[in-house]
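>>> Have a look at this prediction, sequence included:
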Amino acid sequence: MERLKSIDDLKKLGERLKDETFRPEIPRVRICSGTACTATGTPKVLSAMEEEAGKRGINLDIVKTGCQGLCQKGPVMKVEPLNMFYQKVKPEHARSILAYTVQGGMPFRQSLYRQDFLSEPIPEMTNVPFYKKQLRIALRNNGLIDPKNIYHYIAVGGYSALGKALGSMTPDGVLAEVDKANLRGRGGAGFPAGKKWKHTKSAQGKTKLVIANGDEGDPGAFMDRSVMEGDPHSLFEGMLLCAYAIGAEYGLIYVRHEYPLAVKNLTHAINQATELGLLGKNILGTNFNFTIDIREGAGAFVCGESTALIASVEGERGFPRPRPPRLSEQGGGAWGYPSNLNNIETYACVPQIIEKGADWFLGIGTKNSPGTKVFALTGKVVNTGLVEVPMGITLKEIIYEIGGGVMDGKKFKAVQTGGPSGGCIPEHLLDTPVDFDTLAKVGSMMGSGGMVVLDEDNCMVDVAKYFLSFCKSESCGKCPPCRIGTFQMLEILEKITTGKGEAGDIEKLTAIGEKVKESALCGLGNSAPNPVLTTIKYFRDEYEEHIHDKYCRAKACSGLGTFSIDHEQCFLCGLCKQACAFDAVKETSRSFFIDQDYCTKCKACYLACPIGAVKVEKQAKRHGVERS
Amino acid sequence: MKAAEIDVNEKIGNVREILTDTQKKRGILIHAFQQIQKAHNYLPEEQLILLSRKLDIPLSEVYSTASFYKHFYFKPRGKNVVCVCAGTACHVRGSHKVLEKFEEAFGVKEGETTPDLALTLETVGCVGCCGLAPVVTINEEVVGDLSAKRVEALIKEVKGK
């Protein structure tokens, strides 16, 4: 790889690569090599493709891209020039795909996407409902390029924003553009990136740092992972632009250790960029220097909090500390140097803003939250995966049009946004447009963009308990409100879900929750009670049912309800009797029944019954009814 | 990698130019743990003592940092590490049942290792494969879309390893 010595060199290389790479006359397969598709079989499909192409003597260009989004239907691939989108591809399909699509020029119907079993297949990716409403800025290259090949990135226009900035813009100009675009932090809080950059720039001291927060710990969110794995160079370019704007020379990327592929791809990409002279000293022949180092986390959720992340980078326990000083101030950042910390997705948006201008960016999304946001749509929804949509789209559109509705035709109950710090949004608020401010107004938050759909089988108290137990175990223990408060709240929830709830528990929960929110030291503690508080707000009846009627309508909690066997349905298989560890299922010559004196409500029989003849009901039936 | 072999200047990366010696030594601490754990499968005491001497950081502080992070272990781990994802998406799709199945099959609880060091069973916050929930990782290999039947096959496979 030859070092680029000037901005012109980069331009020339870009033009040359545009013509040479991705030539339309060569048949091409863009296969998703993200973590999820790799787990469902990409490597096998790949080798089958290669072998088959060799046998048929086809000069096939295989591009191993990052995550293409539709994880559930993996492995997915696009076949060019016909632009066919295939999903759930198996190694044995390789032959047909090459024969039909590459050689025959027609679709291979079996692997095309279908909305359901009976509907007509949809050949083009852009027409698949999952992709139709999406607009990709941060994920623009995922699914297009091979993350391990820097030439691919340059061929699709990568690093041209850097060339533009270094060639024709002053650092203040870059900053002003980002500020004007009102790019808000994609990590959750939505603080405007431009403002943050300005603070860091105006801080005292010559040495400054640019840090990317890739400690994506929210369960149910994986957009940062996709950018780091699938398009590392757009992250670098964003960081380079930030460094140029604020005058920083050193960059750090903090990646959580659960993402080994991200670390691998980032390291590889750094080496390539350094070789090309896009990182290091005198970038593109200018006097701008910038280097990037990777720091791996070690499994602490709290390290996603900015001050805790800095402590971890310095090699300390990952404790947050009170602010000020802010990270952007002298004495506040890593090793005391003013540091600009942004989320991965935020940086990935920057190159496009510089290239296309702030006005273009402002034209997308809503007034106060311009641009797009990537969501990890998961849970009980038909199409799970990564979606990038313009801000202001409603939750309904995301869940029903992109996500295809709730799985197995069940009834929608709530959608949880923002991870453990967010809240649950009930059905009547589904028309809420998604942006930073409206989500906060309904008691939830944007968070990092996790979006978990819950159906009627999910108990809201149990969901609240799940998130709280996550926050409790991830609490670093430095400040008492978070350490003790979450523990106490969890204790009460534990009581409620095991049928020992008392009147007044809900009020206690709310009171403690409000206190923790007010007094905790860092963002983790401040937002830990959110899931509980919003579920109480919108699903208070479920809490009350647990406490007063000792009944869980979703039948998710053990220790609640009254168990009985429906004799009409029961076909006497006896599995419930085998499952019961307490001998509560009794047998007569013609039927099974549950002896309430022995029953511990452990749900073993309910789960064991193959036809659902074991019923869990609200009201305790009178003794003896079962025995007739 | 042994504690003695760690090159402070190389590992700290490009920021070395702006750091003092003490900051550099402190800065690679977590990286050093990772390297030691990679070689030994856990953090043996003698390695931590060596590390503390090499980096001039009191052993108490070395332990203090290491014990903060969930990823570091002070006891030997099993040959195979099965990690059940307990992320939100996996939770709502029934990961606790998967965990129970593994606990039953190997006679260990979450976070424990079998006495013969064949297997360690753990849970993780989220592996980022929520599209395939529920997910289990077996020695870093991700297995998704688990049903009751597939869990049983998986248990058999792990037992054979």
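Perfect, thanks for sending it.
>>> where in the stretch 401-550 of chain A is pLDDT low?
Applying pLDDT under 70 to the stretch 401-550 of chain A flags no residue at all.
>>> mind checking how far residue A:564 is from residue A:576?
11 Å (CB to CB, to the nearest Å). The way it works is simple: take the backbone N, C-alpha and C, and place the C-beta from them, glycine included.
>>> intersection of neighbour lists for the two?
residue A:614 (CB atoms under 8 Å, 6 or more residues apart in numbering or on different chains).
>>> Have a look at those two and say which one is more surrounded.
residue A:576 (24 against 19; other CB atoms under 10 Å in any protein chain shown).
>>> Can you name the residue of the stretch 451-600 of chain A nearest to chain B?
residue A:452 (4.8 Å; CB to the nearest CB).
>>> phi, psi of that residue?
With angles defined as degrees, to the nearest 10, residue A:452 sits at phi -110, psi 120.
>>> Identify the residue nearest it in space, chain neighbours excluded?
Once flanking residues are discounted, residue A:452 sits nearest to residue A:379: 3.9 Å by CB to CB, 6 or more residues apart in numbering or on different chains.
>>> what separates the helix or strand where residue B:97 lies from the chain centre, distance-wise?
In the assignment (DSSP states H and E), residue B:97 maps to helix B:95-106. The chain centroid and the centroid of helix B:95-106 are separated by 19 Å, computed with CA atoms, centre = their mean, to the nearest Å.
>>> What's the separation between residue A:369 and residue A:183?
Taking CB to CB, one finds residue A:369 at 10 Å from residue A:183.
>>> what residue lies at the spatial centre of the chain?
Going with chain A. residue A:221 (2.1 Å; CA atoms, centre = their mean).
>>> nope, chain B please
So for chain B, CA atoms, centre = their mean, it's residue B:71, sitting 4.3 Å from the centre.
>>> Return the residues in contact with that one.
Contacts of residue B:71 (CB under 8 Å, 6+ apart): A:257, A:297-299, B:34, B:37.
>>> so the residue of the stretch 451-600 of chain A closest to chain B touches residue A:221, yeah?
No - counting by CB atoms under 8 Å, residue A:452 stays clear of residue A:221, with 9.5 Å between them.
>>> Under the pLDDT cut-off, which ranges of the chain? List them.
Unless you meant another one, I'm taking chain A. In chain A the weaker segments, taking pLDDT under 70 as the threshold, are A:619-628.
>>> oops, chain B please
For chain B, the ranges with pLDDT under 70 are B:1-2.
>>> all helices of it, in order?
B:8-12, B:21-27, B:29-40, B:45-55, B:59-68, B:88-92, B:95-106, B:148-160 (DSSP state H).
>>> Burial-wise, tell me which of those helices comes out on top.
Ranked by mean neighbour count, these are led by helix B:88-92 with a mean of 29 (mean count of other CB atoms under 10 Å in any protein chain shown).
>>> Who are the contact partners of residue A:41?
A:74-75, A:89-91.
>>> Could you turn the buried ones of those into a ChimeraX selection?
To isolate the buried ones among these in ChimeraX, judged by 16 or more other CB atoms under 10 Å in any protein chain shown, type:
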select /A:74,75,89,91
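>>> domains of the chain?
Picking chain A for this. A:18-126, A:158-361, A:372-458, A:461-549, A:562-627 (automatic domain parsing).
>>> not quite, I wanted chain B
Taken from automatic domain parsing, chain B resolves into B:3-68, B:80-160.
>>> Off-centre distance for the longest one?
It stands for domain B:80-160. That offset, for domain B:80-160, works out to 14 Å (CA atoms, centre = their mean).
>>> try stretch A:149-162
25 Å.
>>> which residues are in contact with that stretch?
Against stretch A:149-162 from outside (CB under 8 Å, 6+ apart): A:10-11, A:13-14, A:17-18, A:20-22, A:63, A:141, A:144-146, A:231, A:233-234, A:237, A:240-241, A:244, A:269, A:272-273, A:276, A:278, A:283-284, A:350-352, A:354-355.
>>> same deal with stretch A:508-516?
So stretch A:508-516 is contacted by A:481-482, A:485-486, A:488-489, A:492-493, A:525-526, A:528-529, A:532-533, A:536 (CB under 8 Å, 6+ apart).
>>> Now that stretch: buried residues?
For stretch A:508-516, by 16+ other CB under 10 Å, it's A:509-510, A:512-513, A:516.
>>> Which other helices and strands does the helix or strand where residue A:175 lies contact?
Assigned by DSSP H and E, residue A:175 falls within helix A:171-180. If contacts are counted by 3 or more CB pairs under 8 Å, 6 or more residues apart in numbering or on different chains; DSSP states H and E, helix A:171-180 sits against helix A:193-202, helix A:232-246, helix A:344-356, helix A:358-362.
>>> Now do the residue in chain A that chain B sits nearest to: how many residues are near it, please.
Residue of chain A nearest chain B, by CB to the nearest CB: residue A:71 (2.7 Å). Counted with other CB under 10 Å, the neighbours of residue A:71 add up to 32.
>>> hang on, the earlier thing: now the domains of chain B in CSV, with distance to residue A:340?
Converted to CSV, these look like this (distance: least, CB to CB, whole Å):
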stretch, distance to residue A:340
domain B:3-68, 15
domain B:80-160, 25
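>>> tell me which parts of the stretch 51-200 of chain A are close to chain B?
Proximity of the stretch 51-200 of chain A to chain B, by CB under 8 Å from any CB of the partner chain, involves residues A:70-72, A:74.
>>> Sheet partners, orientation included, of the lengthiest strand in chain A?
Secondary structure assigned by DSSP state E gives strand A:372-379 as the longest strand of chain A. Next to strand A:372-379 in the sheet, as set by DSSP bridges, lie strand A:385-390 (antiparallel), strand A:450-455 (parallel).
>>> The first one to helix A:344-356, inter-axis angle?
Between the direction of strand A:385-390 and that of helix A:344-356, the angle (axes from the mean of the first three to the mean of the last three CA atoms, to 10 degrees) works out to 40 degrees.
>>> Counting neighbours, what do you get for residue A:28?
Residue A:28, neighbours per other CB under 10 Å, totals 17.
>>> related to what we said a few turns ago, may I see the residues of the stretch 51-200 of chain A next to chain B arranged in CSV, with distance to residue A:116 as well?
Formatted as CSV, those follow (distance: CB to CB, whole Å):
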residue, distance to residue A:116
A:70, 15
A:71, 19
A:72, 14
A:74, 19
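>>> between the residues you listed, which is nearest residue A:500?
residue A:72 (38.6 Å; CB to CB).
>>> returning to what we had before: the helix holding residue B:97 to helix B:148-160, inter-axis angle?
40 degrees.
>>> Which elements pack onto helix B:95-106?
Using 3+ CB pairs under 8 Å, 6+ apart, helix B:95-106 sits against strand B:80-85, strand B:119-124, helix B:148-160.
>>> Let's see that with 6 Å instead.
strand B:80-85, helix B:148-160 (3 or more CB pairs under 6 Å, 6 or more residues apart in numbering or on different chains; DSSP states H and E).
>>> export the first one as CSV, just CAs?
Listed in CSV are the C-alpha atoms of strand B:80-85, where the atom choice follows Å, rounded to 0.1, in the frame of the first residue of the first chain:
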residue,chain,number,x,y,z
ASN,B,80,-15.4,-25.1,27.8
VAL,B,81,-17.1,-21.9,28.7
VAL,B,82,-20.8,-21.8,28.1
CYS,B,83,-22.3,-18.4,28.3
VAL,B,84,-26.0,-17.9,28.3
CYS,B,85,-27.1,-14.5,27.1
